[in-house]
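Sequence and predicted structure are below.
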Amino acid sequence: MWRLTTDRGRQVWEEPAAGGLPPAGTPDGDAVRAVVAAVDAARDEYVATRMAQAHSGDKVLRALAAAGLLGCPSTTKGVDEGNHEAGEGGSGGGSCDVPCPALPLDVSSAAGPDVDAALQRGVAYFSTLQMSDGHWAGDYGGPLFLMPGLIIVAYVSGTPLGDATAAEMVRYLSLHANEDGGYGLHIEGPSTVFGTALCYVSLRLLGVTADAPVAFAARAWLLAAGGAVGIPSWGKFWLALLGVYEWGGLNPLTPEMWLLPYGLPIHPGRYWIHCRAVYLPMSYLYGRRATYEGDALTAALREELYVQRYADISWPALRNHCSPTDTFIDRPVAQKALWAVLSAFEAMPFPGKAALRRRALDETLRHVRAEDANTHYIDIGPVNKTLNMAVEWFAHDLPSPPPRRGTLPPPPRVAAHAARLRDYLWLAEDGMKMQGYNGSQLWDTAFASQALVRAGLSGRSVTLRSAHAYVEVSQVRADVPDREIFYRHPSKGAWPFSTVDHGWPIADCTAEGLKAALALAAAGAAPSPTAPGGLDPSRLRDAVDMLLSYHNPGSGGWATYELTRSYAWVEALNPSEVFGDIMIDYPYVECTSAAVTALLAFRDAPAAVVGPGAATYRAAEVASAIASGVAFVVRSQRPDGSWYGSWGVCFTYAAFFAIDALVAAGVVLPLSSSDAAAGGGDSGGDDGSGGRKSGGSGTYSESLRAGCAFLASVQRPDGAWGETYESCVTGTYVQAPAGQVVHTAWALGSLAKADWPDTGAVTAAASWLAAAQEPSGDWPQQRITGVFNKNCMITYANYRSIFPIWALAEYRHYMERRAARGGGVGL
């Protein structure tokens with residue numbers, strides 16, 4: 001049986017041990033058999049429904065949790081002082097299959113018994129999914145082009161993946177073929193040459209024969225689409241590395257670019273980090289024309305991937321060729337001109353060229369090794385992780401080509417890389433996949449902490465105390481060495497997206513980590529600031545310093561990992577064809593809103609949490625950043641009142657952040673007639689855990705009204721909301737065929753926070769969300785909800801629990817406020 005182990009957020013799926021199952025009739029044996037049976041049933045269900053529901057339900061994790069094999073703090077440590085066993089939290093909580101922690105909020109609240117029960121069940125169930133180190137683990141897969149890179153590099157370097165792992169990879173690839181036999185860019189996407197060629201190659205490298213049904217169908221689709229000659233540039237690169245495409249068919253990835261003066265706007269150090277982290281090792285490998293030496297299988301692939309004979313292909317003619325099935329970004333004339341210049345440079349002999357190339361390769365290798373060292377060989381993401389491993393494989397024996405697989409032990413740096421490959425793998429009922437990061441541990445835990453505090457879970461609960469322990473240990477405590485040399489932003493005081501070992505600081509992760517730390521401390525879940533495991537006020541101020549350092553005064557907004565370092569016109573050089581907005585670190589509505597709300601939360605936090613003087617700490621800079629951030633959010637709003645979401649699907653996601661920022665900044669809606677009659681427009685007093693400020697005052701903003709009105713305009717007749725990923729691709733709201741739990745939660749939470757006066761619409765959403773809950777307290781996994789670079793979708797499996805809990809909690813507060821004012825249905 002597969003088991004999931006964790007340590008400070010590191011997630012590793014361990015292959016089943018040899019020797020079979022433990023004896024039946026023993027506690028461990030019975031638990032293991034229960035997991036195996038549940039996983040088998042989940043696999044059968046997925047196979048039967050996969051064409052209608054591509055997204056798996058993350059049911060291997062849930063089976064382990066149900067059997068008590070996750071090491072969940074709330075089930076292994078019991079219930080702390082101040083909590084109650086199941087059924088003792090008051091009447092109306094509803095039955096559930098796991099211990100139900102008591103909620104201090106009156107269970108007979110104005111929200112009604114159905115919502116109260118759903119919230120109670122949701123909190124109870126989600127608590128059982130917590131890992132022993134305090135974080136929430138979950139599927140962060142979705143893109144189909146990631147795992148092929150790992151499989152190719154493992155094949156080239158002779159790195160064993162494990163028989164059980166390889167079998168689960170084959171399962172995953174087999175189950176995510178589209179009905180036409182091809183593969184998309186992501187699990188819900190239509191078939192593309194990029195996805196199909198790389199997934200076909202992966203199946204063959206994993207031992208699947210060319211005439212196996214899944215491989216035969218994929219190859220048939222690929223050849224009907226013109227073969228692998230139409231693969232986008234990233235696919236060209238991977239195939240060239242494997243030796244089944246010629247380097248002459250790529251536009252140059254000239255490593256000498258890294259020797260240019262940093263003052264030039266096109267210097268790679270000014271690119272968005274995910275762009276430069278990928279093209280850095282690519283440029284090294286291209287500069288060396290690094291190629292696997294070949295064997296019978298790669299010789300066969302040369303014939304299988306193309307319509308024409310491999311020897312007859314005119315490779316230079318393919319440099320700018322990309323299949324229409326894959327093209328998201330058309331290459332502008334200026335970019336093609338640059339490629340022509342670089343191609344001429346690559347072909348032109350001149351004195352000192354070899355020395356210049358050696359210098360460029362040394363420089364890029366130096367940067368690759370700094371990235372490896374600073375991230376403990378995890379690297380910032382899955383693409384540069386495997387590329388950096390390939391760099392070390394080809395660099396260790398310069399200038400000779402690498403030996404054949406298995407003839408020599410791997411060099412130490414290759415071995416260090418291999419030891420961290422499993423950090424990126426995730427197992428679900430659809431098989432083993434490669435995630436878009438080494439997980440979303442801090443991100444999910446920060447949101448979960450805020451949601452559970454808002455729901456009223458006691459700070460004395462082991463769930464919240466364990467969550468605080470993870471938030472505390474994940475804060476980055478120091479800058480990386482020689483950060484300026486390696487174009488790194490400061491890190492001290494930030495929070496990463498995943499783990500402290502990964503360590504890359506991000507603006508919105510820092511914001512959410514800070515808000516979680518403040519909420520947990522205010523709820524009583526944190527040790528005293530000076531006690532072991534506590535967050536000293538100086539560390540909270542470090543986080544504020546980081547947020548201010550991320551602020552772009554020119555735009556007023558916040559980007560992701562760094563300041564915006566170059567100009568929007570540099571996007572014309574985007575060479576990827578399939579991804580948008582990759583060249584520079586743009587400011588985003590979501591990042592800006594998160595930073596604004598975090599600065600406000602710090603400014604307004606009680607002195608017992610943040611220490612004396614927090615309200616005046618860098619007060620003028622904080623106030624200026626907040627004001628310009630709010631202005632950026634308002635300017636980013638579209639004429640119809642919507643905001644485009646860049647990191648989630650899509651308009652409901654952006655609205656969740658934007659409306660939260662406006663409300664936190666003191667913006668209010670105009671009075672409805674019923675509110676005016678009741679004598680209140682502002683939401684009045686709240687408990688300090690995320691609600692509106694007391695005092696009945698606020699600044700009216702048309703932006704807030706328009707944002708809420710947009711959400712109301714796209715609400716479904718059944719009370720729900722639902723978007724498809726096409727919203728991200730097309731830039732217009734695309735209704736899903738059915739209501740979606742996560743989108744409904746985002747919209748409901750937004751309208752409740754804003755005190756939207758149409759109580760009927762808000763109540764309909766809460767009722768739908770409560771009714772959508774499963775008997776266990778879980779919510780169903782539906783369509784994919786994450787996105788990056790406009791065109792590729794990604795999974796956030798925990799969103800289906802976190803945001804419904806949060807939204808129902810906000811709805812309870814909303815109804816309590818309205819009941820206190822005597823407000824009825826407006827509009």
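It's in. Numbering: from 1, shown residues only.

Might one say that N791 is in contact with E577?
No: N791 is not in contact with E577 according to CB atoms under 8 Å; the separation is 9.9 Å. All C-beta atoms are positioned from the backbone trio N, CA, C, and that covers glycine.

Pull up the overlap in contacts between the two.
Residues touching both N791 and E577 (CB atoms under 8 Å, 6 or more residues apart in numbering): F328.

following the helix or strand of the chain with the lowest mean pLDDT, which helix or strand comes up?
Among the helical and strand segments of the chain, the one scoring lowest on mean pLDDT, DSSP states H and E is helix 673-678, with a mean of 44. Downstream of helix 673-678, the first helix or strand assigned by DSSP states H and E is strand 699-700.

average pLDDT across the next helix or strand after that next one?
Per DSSP H and E, the first helix or strand lying C-terminal to strand 699-700 is helix 702-713. Averaging pLDDT along helix 702-713 gives 97.

Okay, buried residues for helix 702-713 please.
Going by neighbour count (16 or more other CB atoms under 10 Å), the buried part of helix 702-713 is 703-712.

cool, and stretch 288-302?
Under the neighbour-count criterion of 16+ other CB under 10 Å, stretch 288-302 has 288, 290-292, 297-298, 301-302 buried.

What is the most widely separated pair among those?
R288 and L297 (22.8 Å; CB to CB).

Give me the distance between G141 and S498.
14 Å (CB to CB, to the nearest Å).

Looks like Y653 contacts S593 (just checking).
No: with contacts counted by CB under 8 Å, Y653 stays clear of S593, the gap being 10.8 Å.

Now do the residue in the chain sticking out farthest from the centre, the pLDDT please.
The C-alpha centroid of the chain is most remote from P351, which lies 47.4 Å away (CA atoms, centre = their mean). Here the pLDDT value assigned to P351 is 96.

what does A110 give?
Note for A110: predicted pLDDT of 87.

What strand or helix carries it?
Under DSSP H and E, no helix or strand contains A110.

Next up, phi/psi of it, please.
Main-chain dihedrals, A110, degrees, to the nearest 10: phi -70, psi -10.

nearest residue to the residue positioned nearest the centre of the chain other than its sequence neighbours?
For the chain, the residue sitting closest to the mean C-alpha position, by CA atoms, centre = their mean, is S440 at 5.7 Å. Distances taken as CB to CB, 6 or more residues apart in numbering place Y140 nearest to S440, at 4.9 Å, with adjacent residues excluded.

Is the one you found in a helix, a strand, or coil?
The local conformation at Y140, judged by DSSP: H, G, I helix; E, B strand; the rest coil, is coil.

low pLDDT regions in the protein?
Across the chain, residues meeting the criterion (pLDDT under 70) sit at 76-107, 397-407, 671-697, 823-827.

please redo it, this time with the cut-off set to 50
Residue ranges of the chain with pLDDT under 50: 78-103, 105-106, 398-401, 404, 673-696, 824-827.

Narrow the buried residues of stretch 288-302 to those in strands?
Counting by DSSP state E, none of the members of these fall within strands.

which one of these is nearest W569?
Comparing the buried residues of stretch 288-302 against W569 with CB to CB places R288 closest, at 31.3 Å.

Name the SS class of the nearest residue to the closest one once chain neighbours are set aside, please.
Distances taken as CB to CB, 6+ apart put F394 closest to R288, at 6.1 Å, once the chain neighbours are dropped. Using three-state DSSP, the secondary structure recorded for F394 is helix.

Surely F394 is in contact with R289?
No: with contact defined as CB under 8 Å, F394 does not reach R289; the gap is 9.8 Å.

What residues of the helix or strand harbouring Y814 count as buried?
Taking DSSP H and E as the definition, one finds Y814 inside helix 799-821. For helix 799-821, the neighbour count (16+ other CB under 10 Å) marks 799-818, 821 as buried.
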